[in-house]
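Participant: Next input, structure requested:
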Amino acid sequence: MHTSRQSGVPRDTGLILVSGNDSPGVTEALFSTLSPFQIGILDIEQVVIRGRLILTCLISLDPAHAKSISDDLLETFERMGLDVAIDFQDSDQDEDNSSAVNNLHVVVLSSDLKPAGIAAIAAKIAQRRGNIERIRRTASYPLTAIELDISLADGATDLKAIQRELAEVASAHEIDIAVEQSGLTRRAKRIVLLDMDSTLIQEEVIDLLAIKAGVGEQVSKITERAMAGELDFKESLRERVALLADLDESILGQVAAQITLTPGARTLIRTLHRLGHKVGVVSGGFLNVIEPLMNELKIDFYQANTLEIANGKLTGRTTGLLIDRDAKAQALKKFAEQEDVSLNQTIAIGDGANDLGMLEAAGLGIAFNAKPAVKAAADSSINSPYLDTVLYLMGITRDEIVQADLTQ
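Facilitator: Below you'll find the model as predicted:
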């Protein structure tokens with residue numbers, strides 16, 4: 001706590017904590033009791049869990065009034081049957097000390113959150129000379145989402161290193177986690193760029209085409225090895241597309257009709273749009289198949305490979321830019337430039353080795369139900385089947401998601 005001077009009067013700081021069974025009028029009672037005194041409100045937070053209240057308030061005050069304030073508060077809350085703890089202090093240290101602190105925002109997701117997971121996160125933060133300033137739950141459905149505000153000593157912040165360390169903790173304890181720099185930029189305009197196959201949709205489009213062409217098993221094996229990073233993507237794509245030669249063009253529409261969105265995909269896109277963000281898709285799949293869906297979802301930016309067609313048949317080749325790992329990273333940069341958004345305000349989401357370039361380039365790279373090598377390289381990962389859990393990693397609460405729907 002610290003003492004400051006305002007109009008020549010010394011000011012102490014004081015912490016008031018009220019707890020007990022919640023009932024109407026508690027907040028009013030606190031501030032009605034404080035209102036006769038010349039105080040300033042520096043911070044306040046109230047939490048109610050299963051009918052139990054914790055109300056905290058940080059104030060500045062004239063130290064000459066400390067005893068009177070304390071006596072009045074004790075009388076008020078004793079009458080209401082609530083406990084109150086009061087701590088007035090005079091210290092030369094500025095509690096805020098914002099110039100010497102770097103702040104991080106951590107989001108933890110789990111369908112079955114255990115104490116060991118939180119303990120491991122707290123231990124890692126402590127090793128980084130960090131302090132957990134605030135913890136709050138932002139969602140309980142379909143997963144539990146917990147947000148932590150972290151302060152780190154000046155010079156102790158290496159964001160990418162902390163992201164990697166906490167990603168290891170998340171993997172060990174089967175939870176999902178995201179780490180970002182705190183500040184107003186977390187609420188600024190963002191762009192979110194998604195992979196298509198096995199991310200935005202549940203299928204691999206080329207596998208569906210291969211089944212129609214009668215080469216499903218051959219193509220599936222190549223796809224699996226490519227996504228695991230065992231094969232060069234460009235070469236593997238050429239091999240797979242070559243196997244589709246002579247497939248009738250009408251099959252593309254049939255395959256488009258088979259596509260199913262990942263659960264939560266529509267909620268993710270709808271909520272992002274309603275909150276002023278932009279959504280893009282970059283795919284190693286095929287524009288010939290996915291473009292109708294892109295238009296239906298009102299995707300702001302999309303790129304994909306294009307299958308060459310001649311005389312109503314697939315030629316077994318692609319035309320134009322081939323979308324591989326590097327092209328996906330470039331697509332993220334192009335999308336950011338187009339929307340005048342810095343790269344640290346971008347989010348990339350994918351599941352395969354082909355997505356690693358954009359995951360690494362993004363401000364927040366999220367591995368979605370990804371291969372082990374991709375999880376290890378990404379800033380954070382989601383192992384839930386619901387794509388809209390990305391919203392929680394962005395710090396968007398369940399209440400904000402519901403409110404975004406109600407205001408449209």
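
Participant: all helices for the stretch 151-300 of the chain, in order.
Facilitator: Listed in chain order, the helices found in the stretch 151-300 of the chain under DSSP state H, counting those that start in this stretch are 159-173, 205-213, 216-227, 233-242, 251-258, 265-274, 287-296.

Participant: now the ones you listed in TSV, with distance to Arg136 and mean pLDDT?
Facilitator: All C-beta atoms are positioned from the backbone trio N, CA, C, and that covers glycine. Supplementary listing: those in TSV, determined by distance: least, C-beta to C-beta, whole Å; pLDDT from 0 to 100:
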stretch	distance to Arg136	mean pLDDT
helix 159-173	18	86
helix 205-213	40	95
helix 216-227	37	85
helix 233-242	42	91
helix 251-258	42	96
helix 265-274	20	95
helix 287-296	36	97
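
Participant: Mind checking those helices for the one nearest to Ala29?
Facilitator: Taking C-beta to C-beta as the criterion, helix 265-274 is the member of the helices of the stretch 151-300 of the chain that comes nearest to Ala29, at 37.6 Å.

Participant: What helices and strands are in contact with that closest one?
Facilitator: Here helix 265-274 is seen to pack against strand 278-286, helix 390-393, helix 398-406 when contacts are counted using 3 or more C-beta pairs under 8 Å, 6 or more residues apart in numbering; DSSP states H and E.

Participant: in the longest strand along the chain, what's buried?
Facilitator: What stands out as the longest strand in the chain, according to DSSP state E, is strand 9-21. Neighbour-count burial for strand 9-21 flags 11-16, 18-20 (criterion: 16 or more other C-beta atoms under 10 Å).

Participant: Can you give the strand pairings for that strand, parallel or anti for each?
Facilitator: strand 4-6 (antiparallel), strand 52-61 (antiparallel), strand 83-89 (antiparallel) (DSSP bridges).

Participant: Could you check the angle the helix or strand where Ile309 lies makes with helix 251-258?
Facilitator: Element membership for Ile309 (DSSP states H and E) is strand 301-310. With axes from the mean of the first three to the mean of the last three C-alpha atoms, to 10 degrees as the basis, strand 301-310 and helix 251-258 are set at 140 degrees to each other.

Participant: Flag every buried residue along strand 301-310.
Facilitator: Of the residues in strand 301-310, those with enough neighbours to count as buried (16+ other C-beta under 10 Å) are 301-307, 309.

Participant: Quick check: mean pLDDT of that strand?
Facilitator: On average, the pLDDT along strand 301-310 is 97.
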